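In: return a 3D structure for these sequence lines:
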Amino acid sequence: MGIFSRLATLIKANLNDLISKSEDPEKMLNQIVQDMTTQLDEAKKQVASAIADEMRLGKQVENEQALATEWERRAMLAVRAGDDALAKEALARKKEHGDLAEQYRQQSAKQKAGVDQLKVALRVLNNKIEEAKRKKGLLIARKKRAEAQRSIQETLGGLKSASAFEAFDEMSQRIERIEAEAEAGATIAEEYSGDVLAHRFEKLEATAGADEDLLDLKRKMGLAPPAPAPQPMRVEAGAPPPAEAAEQAELAQALADVETEERRELTAKR
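Out: Sure, this is the predicted structure:
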């Protein structure tokens, strides 16, 4: 029964504690399951040996009972022969074998009861070991998940301690500053290089039509009087078409505005 005591101690142990107590819980779990399986095989051998003893005791009971029957037959033979003294000796031998048969029978009954208990215990232990094997896979999966979580936490902790995120933000601000300086340089180059007069016309053309768009919007909303009906225009001989005349007038006005602006700047410099 010593083998069953050791197995029971192993199976009742809390396998979850191995994760914190062992440097390598996976190897420990595999080793425990292997040891349990080995000891279970030894327990099966002991149970098989106990069954063999039971069968041997049963045969001894049969043998002693057969000998008792044989000596009774011989006693009857002696009685028929008129030899009572020989018959008594035969009966004494019959009793001896009968007593032995009874002793073997009692021992066999006890052995059978013990074997039945061993079979039940062996079945229970086998089921518990199979359960331990299934739990082993679950525990190993839990161990690996815990290790992965710990690794992630350590990585995040390392990033915080090294101020990696602060360095990243600093580089982002530096890049934004470089971009702003580049845009400012491009603006300066555009404003103060090349044909200044052409730049002024570009600004004028970019803003031309804004007043007309605003007036059209107000008319659409009913906040301004409607546009006057167009008057038919007479085209004199030799005069430019109306579209060209409008463009020439707009160009003349733009030139006048530019000259006015230049005179203002000259006056301010003086």
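In: look up how far residue 91 lies from residue 38.
Out: Applying Cβ to Cβ, to the nearest Å, one obtains 55 Å for the distance of residue 38 from residue 91. The way it works is simple: take the backbone N, C-alpha and C, and place the C-beta from them, glycine included.
In: have a look at these two and say which one is more surrounded.
Out: Neighbour count, other Cβ atoms under 10 Å: between residue 38 and residue 91, residue 91 has more, with 17 against 10.
In: quick one: contacts for that one?
Out: 71-72, 75 (Cβ atoms under 8 Å, 6 or more residues apart in numbering).
In: for residue 119, same thing?
Out: Contacts of residue 119 by Cβ under 8 Å, 6+ apart are residue 47.
In: ok, and it, which helix or strand is that part of?
Out: Assigned by DSSP states H and E, residue 119 belongs to helix 84-161.
In: hmm, back to that, need the contacts of residue 91 in CSV with distance to residue 223, can you?
Out: Below are the contacts of residue 91 laid out as CSV (distance: Cβ to Cβ, whole Å):
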residue, distance to residue 223
71, 142
72, 141
75, 147
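In: show me where pLDDT drops low in the stretch 151-270 of the chain?
Out: Flagging of the stretch 151-270 of the chain using pLDDT under 70 yields the residue ranges 155-165, 167-168, 186-210, 229-247, 258, 262, 265-270.
In: could you report the neighbour count for the closest residue to residue 111 other than its chain neighbours?
Out: The shortest distance from residue 111 to any non-neighbouring residue, by Cβ to Cβ, 6 or more residues apart in numbering, is to residue 54 (4.4 Å). By other Cβ under 10 Å, 20 other residues sit near residue 54.
In: and residue 65, by the same measure?
Out: Residue 65 has 17 neighbouring residues, counting by other Cβ under 10 Å.
In: using the record's assignment, carve the protein into domains.
Out: Per automatic domain parsing, the structural domains of the chain span 2-164, 196-224+241-270.
In: okay, helices next: where are they in this structure?
Out: 2-12, 18-21, 25-80, 84-161, 164-191, 196-207, 210-221, 242-269 (DSSP state H).
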